[in-house]
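**Q** Here is my input, please return the structure:
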Amino acid sequence: MDPAMEPRLLTGRTRAELHRVADPVPALVVDDFSRPAAAAALRETEVLFTGWGCPRIDEAVLAAAPRLRAVVHAAGSVRGHITDACWDRGIAVSSAAAVNALPVAEYTVATVLLSNKRVLEAREEYRTHRGEKRNWRAEFPAVGNYRRTVGIVGASTIGRRVIELLRPYDLDVLVHDPFLGPAEATALGVRKRELDELCRACDVVSIHAPELPGTRRMIDRRRLGLMRDGATLINTARGSLVDQDALTDELVAGRLRAVIDVTEPEVLPAGSPLYDLPNVLLTPHFAGSFGNELHRMADCAVAELGRYAAGLAFAHPVLRERLDRSA
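**A** Numbers count the residues shown, from 1 in each chain. Sure, this is the predicted structure:
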(Lines give C-alpha, C1' and ligand atoms only; values in the text may rest on other atoms or scores of the structure.)
Protein backbone atom coordinates (compact mmCIF):
# COMPACT_ATOMS: atom_id res chain seq x y z
CA MET A 1 0.00 0.00 0.00
CA ASP A 2 0.96 3.63 -0.02
CA PRO A 3 3.36 3.87 2.94
CA ALA A 4 1.58 7.04 4.08
CA MET A 5 -1.61 4.99 4.54
CA GLU A 6 -0.20 2.47 6.98
CA PRO A 7 -0.01 4.68 10.11
CA ARG A 8 -3.51 6.02 9.43
CA LEU A 9 -4.90 2.54 8.89
CA LEU A 10 -3.44 0.57 11.79
CA THR A 11 -3.90 1.38 15.47
CA GLY A 12 -1.72 -0.08 18.20
CA ARG A 13 -4.47 -2.56 19.02
CA THR A 14 -4.78 -3.63 15.37
CA ARG A 15 -1.01 -4.01 15.02
CA ALA A 16 -0.95 -6.26 18.07
CA GLU A 17 -3.70 -8.43 16.59
CA LEU A 18 -1.91 -8.50 13.24
CA HIS A 19 1.23 -9.82 14.92
CA ARG A 20 -0.83 -12.38 16.82
CA VAL A 21 -2.36 -13.96 13.71
CA ALA A 22 0.50 -13.47 11.24
CA ASP A 23 4.24 -12.95 10.93
CA PRO A 24 4.57 -9.64 9.07
CA VAL A 25 7.89 -8.63 7.57
CA PRO A 26 9.13 -5.93 9.99
CA ALA A 27 8.71 -2.31 8.89
CA LEU A 28 8.11 -3.22 5.25
CA VAL A 29 5.38 -1.21 3.54
CA VAL A 30 5.86 -0.95 -0.21
CA ASP A 31 4.19 0.64 -3.20
CA ASP A 32 6.71 -0.83 -5.68
CA PHE A 33 7.27 -4.59 -5.80
CA SER A 34 10.48 -4.20 -7.80
CA ARG A 35 12.42 -2.72 -4.89
CA PRO A 36 15.09 -5.06 -3.49
CA ALA A 37 13.51 -5.31 -0.03
CA ALA A 38 10.14 -6.12 -1.56
CA ALA A 39 11.60 -8.69 -3.93
CA ALA A 40 13.37 -10.45 -1.07
CA ALA A 41 10.20 -10.55 1.04
CA LEU A 42 8.03 -11.79 -1.82
CA ARG A 43 10.05 -15.02 -2.04
CA GLU A 44 8.71 -16.05 1.40
CA THR A 45 5.33 -14.36 1.41
CA GLU A 46 2.16 -16.41 1.73
CA VAL A 47 -0.34 -13.52 2.11
CA LEU A 48 -0.21 -9.91 0.96
CA PHE A 49 -1.93 -7.41 3.27
CA THR A 50 -2.86 -4.57 0.90
CA GLY A 51 -4.51 -1.16 0.94
CA TRP A 52 -4.96 1.93 -1.19
CA GLY A 53 -1.88 2.48 -3.37
CA CYS A 54 -1.03 -1.19 -3.84
CA PRO A 55 0.69 -1.75 -7.20
CA ARG A 56 -0.67 -4.32 -9.65
CA ILE A 57 -0.01 -7.93 -8.77
CA ASP A 58 0.81 -9.16 -12.25
CA GLU A 59 2.60 -12.20 -13.65
CA ALA A 60 6.04 -10.81 -12.82
CA VAL A 61 5.06 -10.23 -9.19
CA LEU A 62 3.54 -13.71 -8.95
CA ALA A 63 6.68 -15.25 -10.43
CA ALA A 64 8.66 -13.54 -7.68
CA ALA A 65 6.23 -14.83 -5.03
CA PRO A 66 6.04 -18.61 -5.46
CA ARG A 67 4.45 -19.14 -2.02
CA LEU A 68 1.73 -16.50 -2.40
CA ARG A 69 -1.71 -17.95 -1.68
CA ALA A 70 -3.92 -15.01 -0.70
CA VAL A 71 -4.41 -11.24 -0.81
CA VAL A 72 -6.26 -9.50 2.01
CA HIS A 73 -7.26 -5.97 1.03
CA ALA A 74 -7.92 -3.45 3.82
CA ALA A 75 -9.94 -1.22 1.48
CA GLY A 76 -12.75 -1.48 -1.07
CA SER A 77 -12.37 -2.37 -4.73
CA VAL A 78 -9.57 -4.75 -5.77
CA ARG A 79 -9.79 -3.87 -9.46
CA GLY A 80 -6.68 -1.67 -9.29
CA HIS A 81 -4.26 -4.40 -8.19
CA ILE A 82 -5.77 -7.88 -8.63
CA THR A 83 -5.09 -9.03 -12.19
CA ASP A 84 -6.23 -11.99 -14.28
CA ALA A 85 -2.93 -13.63 -13.41
CA CYS A 86 -4.01 -13.75 -9.75
CA TRP A 87 -7.30 -15.43 -10.59
CA ASP A 88 -5.61 -17.83 -13.00
CA ARG A 89 -3.25 -18.95 -10.26
CA GLY A 90 -6.12 -19.44 -7.80
CA ILE A 91 -5.09 -16.70 -5.37
CA ALA A 92 -7.76 -16.25 -2.69
CA VAL A 93 -8.83 -12.60 -2.36
CA SER A 94 -10.63 -10.81 0.45
CA SER A 95 -11.75 -7.18 0.60
CA ALA A 96 -13.06 -4.79 3.24
CA ALA A 97 -15.57 -3.41 0.73
CA ALA A 98 -18.48 -4.52 2.91
CA VAL A 99 -17.35 -2.39 5.85
CA ASN A 100 -16.28 0.50 3.61
CA ALA A 101 -19.90 0.48 2.47
CA LEU A 102 -21.09 1.53 5.91
CA PRO A 103 -19.88 5.18 5.95
CA VAL A 104 -20.96 5.62 2.31
CA ALA A 105 -24.45 4.45 3.20
CA GLU A 106 -24.55 6.66 6.30
CA TYR A 107 -23.45 9.68 4.27
CA THR A 108 -26.09 8.89 1.64
CA VAL A 109 -28.94 8.59 4.14
CA ALA A 110 -27.90 11.80 5.86
CA THR A 111 -27.89 13.67 2.55
CA VAL A 112 -31.23 12.14 1.46
CA LEU A 113 -32.85 13.49 4.61
CA LEU A 114 -31.13 16.87 4.41
CA SER A 115 -31.97 17.19 0.70
CA ASN A 116 -35.69 16.67 1.28
CA LYS A 117 -35.49 19.15 4.15
CA ARG A 118 -33.90 21.66 1.67
CA VAL A 119 -31.15 22.45 4.14
CA LEU A 120 -28.80 24.08 1.62
CA GLU A 121 -31.57 26.33 0.37
CA ALA A 122 -32.64 27.25 3.91
CA ARG A 123 -29.04 28.07 4.83
CA GLU A 124 -28.70 30.41 1.84
CA GLU A 125 -31.99 32.16 2.57
CA TYR A 126 -31.20 32.54 6.27
CA ARG A 127 -27.79 33.98 5.44
CA THR A 128 -29.27 36.35 2.87
CA HIS A 129 -31.91 37.62 5.28
CA ARG A 130 -29.73 37.63 8.37
CA GLY A 131 -31.20 39.37 11.39
CA GLU A 132 -34.73 39.36 9.94
CA LYS A 133 -37.71 37.70 11.55
CA ARG A 134 -39.51 35.84 8.73
CA ASN A 135 -42.26 33.28 8.34
CA TRP A 136 -40.00 30.41 7.31
CA ARG A 137 -42.82 27.84 7.21
CA ALA A 138 -44.57 29.95 4.62
CA GLU A 139 -41.36 30.32 2.60
CA PHE A 140 -40.65 26.56 2.63
CA PRO A 141 -44.11 24.98 2.37
CA ALA A 142 -43.02 21.89 0.44
CA VAL A 143 -40.02 20.68 2.45
CA GLY A 144 -39.87 17.49 4.48
CA ASN A 145 -39.33 13.75 4.42
CA TYR A 146 -42.90 12.54 4.90
CA ARG A 147 -43.91 10.22 2.04
CA ARG A 148 -41.15 11.31 -0.27
CA THR A 149 -39.98 8.91 -2.97
CA VAL A 150 -36.32 7.89 -3.04
CA GLY A 151 -34.75 5.98 -5.93
CA ILE A 152 -31.76 3.69 -5.45
CA VAL A 153 -29.80 2.94 -8.63
CA GLY A 154 -27.99 -0.32 -7.92
CA ALA A 155 -28.84 -2.91 -5.26
CA SER A 156 -25.14 -3.22 -4.48
CA THR A 157 -23.67 -3.77 -1.02
CA ILE A 158 -23.90 -0.02 -0.45
CA GLY A 159 -27.32 0.26 -2.08
CA ARG A 160 -28.72 -2.46 0.17
CA ARG A 161 -27.27 -0.83 3.26
CA VAL A 162 -28.88 2.46 2.24
CA ILE A 163 -32.22 0.66 1.84
CA GLU A 164 -31.82 -0.85 5.30
CA LEU A 165 -30.98 2.50 6.92
CA LEU A 166 -33.93 4.23 5.19
CA ARG A 167 -36.42 1.66 6.49
CA PRO A 168 -37.42 3.54 9.69
CA TYR A 169 -38.44 6.65 7.74
CA ASP A 170 -41.76 7.44 6.05
CA LEU A 171 -40.28 7.11 2.59
CA ASP A 172 -41.23 5.16 -0.52
CA VAL A 173 -38.11 3.45 -1.90
CA LEU A 174 -37.78 2.39 -5.54
CA VAL A 175 -34.82 0.41 -6.91
CA HIS A 176 -33.35 -0.12 -10.34
CA ASP A 177 -31.01 -3.08 -10.74
CA PRO A 178 -31.12 -5.51 -13.67
CA PHE A 179 -29.82 -8.32 -11.44
CA LEU A 180 -32.46 -7.86 -8.70
CA GLY A 181 -35.32 -10.34 -8.92
CA PRO A 182 -38.93 -9.59 -7.86
CA ALA A 183 -38.78 -11.89 -4.82
CA GLU A 184 -35.52 -10.30 -3.66
CA ALA A 185 -36.97 -6.81 -4.10
CA THR A 186 -39.97 -7.81 -1.98
CA ALA A 187 -37.64 -9.20 0.70
CA LEU A 188 -35.78 -5.86 0.72
CA GLY A 189 -39.08 -4.01 1.11
CA VAL A 190 -38.67 -2.00 -2.10
CA ARG A 191 -40.36 -1.75 -5.47
CA LYS A 192 -38.33 -2.51 -8.57
CA ARG A 193 -38.56 -0.04 -11.45
CA GLU A 194 -36.91 0.54 -14.81
CA LEU A 195 -34.41 3.39 -14.71
CA ASP A 196 -36.45 5.85 -16.76
CA GLU A 197 -39.49 5.34 -14.56
CA LEU A 198 -37.40 5.69 -11.40
CA CYS A 199 -35.94 8.99 -12.64
CA ARG A 200 -39.43 10.34 -13.35
CA ALA A 201 -40.95 9.24 -10.05
CA CYS A 202 -38.40 10.21 -7.40
CA ASP A 203 -37.72 13.25 -5.27
CA VAL A 204 -34.18 11.94 -4.69
CA VAL A 205 -32.18 9.61 -6.95
CA SER A 206 -29.08 8.06 -5.36
CA ILE A 207 -26.50 6.17 -7.44
CA HIS A 208 -24.88 2.99 -6.09
CA ALA A 209 -24.05 1.05 -9.26
CA PRO A 210 -20.53 -0.20 -10.08
CA GLU A 211 -18.25 1.43 -12.65
CA LEU A 212 -18.49 -0.89 -15.65
CA PRO A 213 -18.52 -0.34 -19.43
CA GLY A 214 -22.30 -0.78 -19.40
CA THR A 215 -22.89 1.76 -16.63
CA ARG A 216 -20.87 4.63 -18.09
CA ARG A 217 -23.06 7.75 -18.22
CA MET A 218 -26.13 5.69 -17.37
CA ILE A 219 -27.54 8.94 -15.95
CA ASP A 220 -27.29 10.87 -19.21
CA ARG A 221 -28.81 14.12 -20.41
CA ARG A 222 -32.09 12.45 -21.35
CA ARG A 223 -32.53 10.78 -17.97
CA LEU A 224 -31.58 13.95 -16.11
CA GLY A 225 -34.32 15.62 -18.15
CA LEU A 226 -36.80 13.03 -16.87
CA MET A 227 -36.19 14.02 -13.24
CA ARG A 228 -38.74 16.24 -11.52
CA ASP A 229 -38.07 19.94 -11.18
CA GLY A 230 -36.35 20.43 -7.82
CA ALA A 231 -35.34 16.77 -7.47
CA THR A 232 -31.93 15.85 -6.03
CA LEU A 233 -29.31 13.60 -7.58
CA ILE A 234 -26.84 11.99 -5.15
CA ASN A 235 -23.68 10.39 -6.53
CA THR A 236 -21.34 8.61 -4.13
CA ALA A 237 -20.43 5.87 -6.66
CA ARG A 238 -18.23 7.03 -9.54
CA GLY A 239 -18.22 10.21 -11.61
CA SER A 240 -18.31 8.24 -14.87
CA LEU A 241 -21.86 7.04 -14.16
CA VAL A 242 -23.22 10.55 -14.82
CA ASP A 243 -22.91 12.84 -17.83
CA GLN A 244 -20.98 15.57 -16.01
CA ASP A 245 -21.63 18.29 -18.59
CA ALA A 246 -25.36 17.57 -18.74
CA LEU A 247 -25.62 17.57 -14.94
CA THR A 248 -23.71 20.85 -14.73
CA ASP A 249 -26.14 22.43 -17.21
CA GLU A 250 -29.13 21.34 -15.12
CA LEU A 251 -27.55 22.61 -11.91
CA VAL A 252 -26.48 25.95 -13.35
CA ALA A 253 -30.04 26.41 -14.60
CA GLY A 254 -31.27 25.68 -11.08
CA ARG A 255 -33.73 23.00 -12.15
CA LEU A 256 -32.12 20.20 -10.13
CA ARG A 257 -30.18 19.90 -6.91
CA ALA A 258 -27.23 17.57 -6.34
CA VAL A 259 -25.01 15.97 -3.75
CA ILE A 260 -21.81 15.15 -5.63
CA ASP A 261 -19.02 13.21 -3.93
CA VAL A 262 -17.41 11.87 -7.11
CA THR A 263 -16.81 13.62 -10.41
CA GLU A 264 -15.33 13.13 -13.86
CA PRO A 265 -12.61 14.23 -13.89
CA GLU A 266 -11.67 13.91 -10.26
CA VAL A 267 -10.68 16.59 -9.21
CA LEU A 268 -12.87 19.13 -11.05
CA PRO A 269 -11.08 22.09 -12.64
CA ALA A 270 -10.88 25.15 -10.42
CA GLY A 271 -13.20 27.03 -12.78
CA SER A 272 -16.08 24.58 -12.46
CA PRO A 273 -19.31 26.32 -11.38
CA LEU A 274 -20.16 23.35 -9.16
CA TYR A 275 -17.87 24.67 -6.42
CA ASP A 276 -20.07 27.72 -5.88
CA LEU A 277 -23.64 26.77 -6.77
CA PRO A 278 -26.03 27.08 -3.81
CA ASN A 279 -28.02 24.02 -4.97
CA VAL A 280 -24.95 21.74 -4.91
CA LEU A 281 -23.20 19.97 -2.04
CA LEU A 282 -19.80 19.09 -3.50
CA THR A 283 -17.38 16.97 -1.46
CA PRO A 284 -13.94 15.44 -2.32
CA HIS A 285 -14.72 11.68 -2.54
CA PHE A 286 -15.46 11.96 1.16
CA ALA A 287 -18.34 9.54 1.71
CA GLY A 288 -16.16 6.45 2.10
CA SER A 289 -13.87 5.59 4.99
CA PHE A 290 -11.98 8.56 6.44
CA GLY A 291 -10.37 9.20 9.83
CA ASN A 292 -11.27 6.58 12.41
CA GLU A 293 -13.46 4.78 9.85
CA LEU A 294 -10.21 3.47 8.35
CA HIS A 295 -9.71 1.44 11.52
CA ARG A 296 -12.90 -0.52 10.80
CA MET A 297 -11.43 -1.65 7.48
CA ALA A 298 -8.15 -2.61 9.14
CA ASP A 299 -9.98 -4.61 11.80
CA CYS A 300 -11.95 -6.40 9.08
CA ALA A 301 -8.79 -7.26 7.14
CA VAL A 302 -6.92 -8.50 10.21
CA ALA A 303 -9.93 -10.65 11.13
CA GLU A 304 -9.76 -12.14 7.63
CA LEU A 305 -6.07 -12.93 8.18
CA GLY A 306 -7.07 -14.65 11.39
CA ARG A 307 -9.59 -16.76 9.51
CA TYR A 308 -6.97 -17.67 6.91
CA ALA A 309 -4.48 -18.65 9.63
CA ALA A 310 -7.13 -20.87 11.23
CA GLY A 311 -7.83 -22.60 7.93
CA LEU A 312 -11.25 -21.00 7.53
CA ALA A 313 -12.79 -19.48 4.41
CA PHE A 314 -12.83 -15.70 4.13
CA ALA A 315 -15.94 -13.99 5.46
CA HIS A 316 -15.63 -11.34 2.73
CA PRO A 317 -14.28 -13.12 -0.34
CA VAL A 318 -13.97 -11.42 -3.73
CA LEU A 319 -15.12 -13.82 -6.44
CA ARG A 320 -13.95 -13.58 -10.02
CA GLU A 321 -17.35 -14.52 -11.43
CA ARG A 322 -18.98 -11.53 -9.70
CA LEU A 323 -16.57 -8.88 -10.95
CA ASP A 324 -18.81 -8.08 -13.92
CA ARG A 325 -21.40 -6.64 -11.53
CA SER A 326 -19.32 -5.24 -8.66
CA ALA A 327 -17.06 -2.26 -8.03
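**Q** V302 is in contact with E17, correct?
**A** Yes - using Cβ atoms under 8 Å, E17 is in contact with V302, at 5.1 Å. Where you see a C-beta, it was placed from the backbone N, CA and C, and this is true even at glycine.
**Q** Now do the helices in the stretch 101-250 of the chain.
**A** Under the criterion DSSP state H, counting those that start in this stretch, the stretch 101-250 of the chain contains helices at 119-128, 136-139, 157-166, 182-188, 195-201, 221-226, 244-253.
**Q** Relative to T128, how far out is the closest residue to K117 other than its chain neighbours?
**A** Distances taken as Cβ to Cβ, 6 or more residues apart in numbering put V143 closest to K117, at 5.5 Å, once the chain neighbours are dropped. In this view, V143 and T128 are 17 Å apart by Cβ to Cβ, to the nearest Å.
**Q** Look at these two and report which has more neighbours.
**A** Between V143 and T128, counting by other Cβ atoms under 10 Å, V143 is the more crowded of the two (17 against 9).
**Q** quick one: contacts for that one?
**A** N116, K117, R118, A122 (Cβ atoms under 8 Å, 6 or more residues apart in numbering).
**Q** same deal with V267?
**A** Counted by Cβ under 8 Å, 6+ apart, V267 has contacts P284.
**Q** who touches V112 in this structure?
**A** V150, V162, L166, L171, V204, S206, T232, I234.
**Q** do you know how far it is from R296?
**A** Using Cβ to Cβ, V112 is found at 22 Å from R296.
**Q** now swap in T157 and tell me
**A** Using Cβ to Cβ, one gets 14 Å for the distance from T157 to R296.
**Q** and the two? which has more neighbours close in?
**A** Taking neighbours as other Cβ under 10 Å, T157 and R296 compare with T157 leading, 22 against 16.
**Q** list the contacts for the residue nearest to A155 when sequence neighbours are not counted?
**A** Nearest non-adjacent residue to A155, counting by Cβ to Cβ, 6+ apart: D177, 4.0 Å away. Contact analysis of D177 by Cβ under 8 Å, 6+ apart lists V153, G154, A155, S156, G159, K192, A209.
**Q** what number of residues lie near the nearest residue to the fourth one once chain neighbours are set aside?
**A** Spelled out, that is S156. Once flanking residues are discounted, S156 sits nearest to H208: 4.9 Å by Cβ to Cβ, 6+ apart. When counting by other Cβ under 10 Å, one arrives at 28 neighbours for H208.
**Q** Got the phi and psi for H208?
**A** Per-residue torsions, H208: phi -140, psi 30 (degrees, to the nearest 10).
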